[in-house]
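[1] predicted model follows, preceded by the sequence.
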Amino acid sequence: MTSKRKRRNQASSPNGRPKKGAQSAPAAPPVGAESTPRGTPPADGPRRWLLAATVVLFVARPLFPSESVAQAGEGIVLVMLSLLLLVAWGVTMIRRDRCALRLGPTDVAVLTLLVLHAVAAVWATKTGNARAALNVLWAWVGLVAGFFLLRQLVATAREARALVAVMIGLGVALASYGFYQYAVELPELRREFARNPEGLMRAEGLWYEPGSVSRTQFEERLNSREPFATFALTNSLAGYLAPWLVVAMGVAALGRWRGAMGIFLVVASVGTCLLLTKSRSAFIAAAVGLALVGLVRLLQRRSLGWKLPLAGLAVAAALVVGAVAVGGLDREVLSEAGKSLGYRLQYWRSTRAMIEDRPWLGCGPGQFKNVYPAYKLPEASEEVADPHNFLLEVWATAGTGAVLALVAVLGCFAWAIWRHGHDARGTQADDDQAKTPEDDVPDGSRWVFGGALAGFLLAWPMGLMGTTMPSLAMLWLGLPLAAAVVFLLRDWTGRGRLPVAVVAIGLVALLVNLLAAGGIGFPGVAGTFWMLLALGLFVTERGPGRRWPRPTAWIITLVGAALAVACYGTTYEPVLSARGSMVAAQWEPQQRRAHLLVAAGADPRQPDCWRQLAWVALEHWRDDHDPESLAQFKKYVVRATELDPASNSAWGTFGDQYLEVYEYTSAADDLEESVAAYRRAIALYPNKAEYHGKLALALERAGEAAAAREEAKTAVRLDDLTPHRDKKLPGKLRGRLLRMGVGP
């Protein structure tokens, strides 16, 4: 290496120009630039088409909610698309003599993680809610398929930079919609819900039983002032914005992006919206990421100077002042931080106990929400759907092997980053130079931009196939701003740099957020993880990948086809068929039962259809007390509990309903069913005071005074332990329990 540097110095003057008399060497391409041949080899056409289609997966996914993937199978259309693309890629490889495949230790660890996750999901279909297990399993399969496709299809550094530009632009689009939502849309929705709650939920394609936990949570989210954009949760929006804000600042500080207007637009929009979310975990993640960017710049012996830090502090101060001025940021963000951390410690403590009971396969993907209440502490705040920690989430739902595989994924990636930095030290190679013979690979960055536009537009029909489609404000407000950011990034996309440090720091920021917020199972948030992982590996690798024999392509194609067929049969077709009928049930109340029966037949694993049927049958019985309606209600309850045996909320509701029936029929069987349902709800959620209190009343009616008094004592004790108002016993119920002689 030293001799090469000497020859280069002898042939050039200090200003880099050839010395007189020195033999001139062919001019090197600009840093980070790729030479693109004038002619496009026909063989590369399929690659670029597939690359554009893969970009659709990652752009469309954050544009409609993914938090309800377990219950509703959100995004199953994108999962099917990813598997079809995998098959198409395999077919293109079959046509070649040998298959170029990027496959390293990180990829093997990813495959191991997916297999172990699938084993846990298959087991959960036998022991828990099969529909939720399959929905989450296929969401993971879709994400890993997208990761694999990016690994194989991104061939030039310009394409990698174009992907980053697109995702930063998408962050700006989401942030702009967050502003619109904060100022206009949410206030209007609150007013409409106050006027006509059922009509609003029907228009949104939602149904929650009055008084249910899900409905209460929906109302709380609606009354919250924090924006959530196209996500269902504010923390999910923050989880997307924080890493891409860090990546954008990393590109500006380390990647030779000098567009002041573009930097300002990204920081002003994404930074302000991030503040409005009040997500402490995202704040910490962004702070850690930005600190690492500054540290890397210092380690590269590139002084920060005084202007850049001062400008950064001024912008941050302006954003904070603006957020405070509009009421989006207040003292509670800091004053409630300790309480928020305390809540998470409660979640983690309960999750640890869950893991100790189920160390090998976990509770199963999509089952955490049902299993967690059995371990929830009496003083804990809420019944969470995940433990708010990505490591604990994988461990609790898929077992010890799966979390070790995830740690191996991160370890292999970190090793690849370290090895790349060690190999590149002392050389003139830039971090973002594509490690393929790019003179033979046409650039596909324009196809990346085309795929991004298609993904943005296709999110609307895809949303129609789900439960929620994006707001039109994303189209007329978000899309132009995203396009403006991509345009302002054009110079960097064409001639800039994507240092591996930027990708790694963005991934670190995301993981820091996921350590306290969770969400690695939400595709809208997790898509960032898999994209940054794929781009980081691309930057660190040299060469187009190892050449494998043609049978390898056949194997990949057949596996992809088998997965596509399995996904279609177990989830895609039943979920979408049932969803159409369930939506029709909301719009045609007179035909609701008929539509729900069609939905139940289309998706025999979906318990929600049977729960709604039970509610409809009970409503009919309330009107006419027809024995046939009562018989239907009981039949539907049995089927619902068979499909979702661990739902404490369902058992609690059925206990209430059977007790109501008993009040009219005075039949001992109905009272026994009510008592049995309450007991089952308590077994699944032992620290819920209300279940114990209602069981006490049911036992009192059954003449079991001693047992009723014990349950009443437990209910009052748990009520005294919880500091949370929404977990307290209703005043009327507590009064009745106290009159049983269980307290002062």
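    That came in fine, so what should we check first? Numbering: from 1, shown residues only.

[2] flag the shaky bits of the chain, pLDDT-wise.
    Under the criterion pLDDT under 70, the flagged ranges of the chain are 1-43, 202-215, 217, 220-221, 301-335, 424-440, 542-543, 743-744.

[3] ok, now how distant is the residue nearest the centre of it from residue 136?
    Nearest residue to the geometric centre of the chain (Cα atoms, centre = their mean): residue 522, 2.0 Å. In this structure, residue 522 and residue 136 are 10 Å apart, going by Cβ to Cβ, to the nearest Å. For every residue, glycine as well, the C-beta is placed using N, CA and C.

[4] between those two, what contacts are shared?
    Between them, residue 522 and residue 136 share these contacting residues under Cβ atoms under 8 Å, 6 or more residues apart in numbering: residue 69.

[5] what is the neighbour count of the nearest residue to residue 388 once chain neighbours are set aside?
    Distance criterion Cβ to Cβ, 6 or more residues apart in numbering; nearest residue to residue 388, sequence neighbours excluded, is residue 518 at 4.2 Å. Applying other Cβ atoms under 10 Å, we find 27 residues neighbouring residue 518.

[6] again, but for residue 709
    Residues lying near residue 709 (other Cβ under 10 Å) number 17.

[7] that one: what's it in contact with?
    Taking Cβ under 8 Å, 6+ apart as the definition of contact, the neighbours of residue 709 are 696, 740-742.

[8] related to what we said a few turns ago, ok, the residue nearest to the centre of the chain to residue 274 distance?
    Per Cβ to Cβ, residue 522 is found 18 Å from residue 274.

[9] can you give me the domain boundaries for the chain?
    Per automatic domain parsing, the structural domains of the chain span 43-103+143-326+431-558, 572-742.

[10] now do the same end-to-end measure for the shortest one.
    By Cα to Cα, to the nearest Å, the extent of domain 572-742 from end to end equals 53 Å.

[11] likewise stretch 568-575?
    One end of stretch 568-575 to the other measures 9 Å (Cα to Cα).

[12] and for stretch 679-694?
    In stretch 679-694, first residue to last residue: 10 Å (Cα to Cα).

[13] quick one: distance of that stretch to the chain centre.
    A distance of 31 Å separates the centroid of the chain from that of stretch 679-694, by Cα atoms, centre = their mean, to the nearest Å.

[14] what's the answer for stretch 563-572, then?
    From the chain centre to the centre of stretch 563-572 is a distance of 21 Å (Cα atoms, centre = their mean).

[15] ends of it, what's the gap?
    With Cα to Cα applied, stretch 563-572 spans 12 Å between its terminal residues.

[16] let's have the domains of the chain in JSON lines, adding distance to residue 409.
    Supplementary listing: the domains of the chain in JSON lines, determined by distance: least, Cβ to Cβ, whole Å:
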{"stretch": "domain 43-103+143-326+431-558", "distance to residue 409": "8"}
{"stretch": "domain 572-742", "distance to residue 409": "27"}
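
[17] just the ones you listed: most buried one?
    The highest mean neighbour count among these belongs to domain 43-103+143-326+431-558 (a mean of 21), with neighbours defined as mean count of other Cβ atoms under 10 Å.

[18] now find how far off-centre that one is within its chain.
    For domain 43-103+143-326+431-558, the distance to the chain centre is 11 Å (Cα atoms, centre = their mean).

[19] again, but for stretch 615-622
    Using Cα atoms, centre = their mean, the offset of stretch 615-622 from its chain centre is 37 Å.

[20] what of stretch 417-425?
    On the basis of Cα atoms, centre = their mean, stretch 417-425 is displaced by 31 Å from the centre of the chain it belongs to.

[21] ok, back up a step: what sits against the residue nearest to residue 388?
    With contact set as Cβ under 8 Å, 6+ apart, residue 518 has these partners: 386-390, 393.

[22] can you tell me which of these is nearest residue 374?
    Comparing these against residue 374 with Cβ to Cβ picks out residue 387 as the nearest, at 13.8 Å.

[23] ok but that closest one is inside a helix, no?
    No - Residue 387 is assigned coil when assessed by DSSP: H, G, I helix; E, B strand; the rest coil, not a helix.

[24] run a quick neighbour tally on the residue nearest to it when sequence neighbours are not counted.
    Leaving out its chain neighbours, the residue that sits closest to residue 387 by Cβ to Cβ, 6+ apart is residue 351, at 4.1 Å. Using other Cβ under 10 Å, residue 351 has 25 neighbouring residues.

[25] please report how far residue 351 lies from residue 582.
    Residue 351 sits 32 Å away from residue 582, going by Cβ to Cβ.

[26] checking residue 100 next. Helix, strand or coil?
    Under the three-state scheme (three-state DSSP), the conformation of residue 100 reads as strand.

[27] is it true that it touches residue 549?
    No - under the criterion of Cβ atoms under 8 Å, residue 100 lies out of contact with residue 549, with a separation of 11.6 Å.

[28] which residues does the helix or strand residue 411 falls within contact?
    Element membership for residue 411 (DSSP states H and E) is helix 400-424. The contact list for helix 400-424, computed with Cβ under 8 Å, 6+ apart, reads 104-106, 109-110, 112-113, 116-117, 120, 355, 359-360, 362, 390-391, 394-395, 431, 500, 504, 507, 511, 533, 536-537, 539-541.

[29] distance from the chain centre to that helix, please.
    Here the centre of mass of C-alpha atoms in helix 400-424, compared against the chain's by Cα atoms, centre = their mean, lies 22 Å away.
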